[in-house]
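Asker: no FASTA, just this:
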């Protein structure tokens, strides 16, 4: 007979993982990435929590006759900064959850609720409605009233 799941241990693991993720999110606010475009004519600083902190423009980048070029440079630098910030965030959050950390799917399985979520998935029950609902919907009271 399999051992019942240790709910206290699973709860403690989940709480520890949530605390680590919260710490990682706070640390991301302090991370900074700096990118540039146009040979350094446009510089952008973003934080790890995906906020633009600063945009610096060299005077040579501002040409009233070619505003489109400046717009393109700013857009390129901002997108590059956000992309780098996203990479940093992904690495930090991956580290916070840990490679062998709490796995919600295995926790559900240990409770006997795993295996593709059964009728809660999108596969549908035989002859039933999408989402696993039995014919007639999921309202038990309505089905009972219908039987009477």
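Answerer: Great, that's in hand. What you are looking at is a predicted structure, and each value in this text was computed from that prediction instead of being measured. Numbers count the residues shown, from 1 in each chain.
Asker: going forward, measure contacts and count neighbours with C-alpha atoms only.
Answerer: Fine.
Asker: Report the buried residues of the host helix or strand of residue 15.
Answerer: Element membership for residue 15 (DSSP states H and E) is helix 7-28. Under the neighbour-count criterion of 16 or more other Cα atoms under 10 Å, helix 7-28 has 14, 16, 17, 20, 21, 24, 25, 28 buried.
Asker: elements contacting that helix?
Answerer: Helices and strands touching helix 7-28, by 3 or more Cα pairs under 8 Å, 6 or more residues apart in numbering; DSSP states H and E, are helix 67-97.
Asker: other SSEs contacting the helix it packs on?
Answerer: Using 3+ Cα pairs under 8 Å, 6+ apart: helix 67-97 touches helix 7-28, strand 32-37, strand 42-47.
Asker: The first one to helix 67-97, inter-axis angle?
Answerer: Between the direction of helix 7-28 and that of helix 67-97, the angle (axes from the mean of the first three to the mean of the last three Cα atoms, to 10 degrees) works out to 150 degrees.
Asker: tell me the angle helix 7-28 makes with strand 42-47.
Answerer: For helix 7-28 against strand 42-47, the angle by the same axes, to 10 degrees is 150 degrees.
Asker: count of neighbours near the nearest residue to residue 47 once chain neighbours are set aside?
Answerer: Distances taken as Cα to Cα, 6 or more residues apart in numbering put residue 32 closest to residue 47, at 4.5 Å, once the chain neighbours are dropped. Neighbourhood size, residue 32 [other Cα atoms under 10 Å]: 19.
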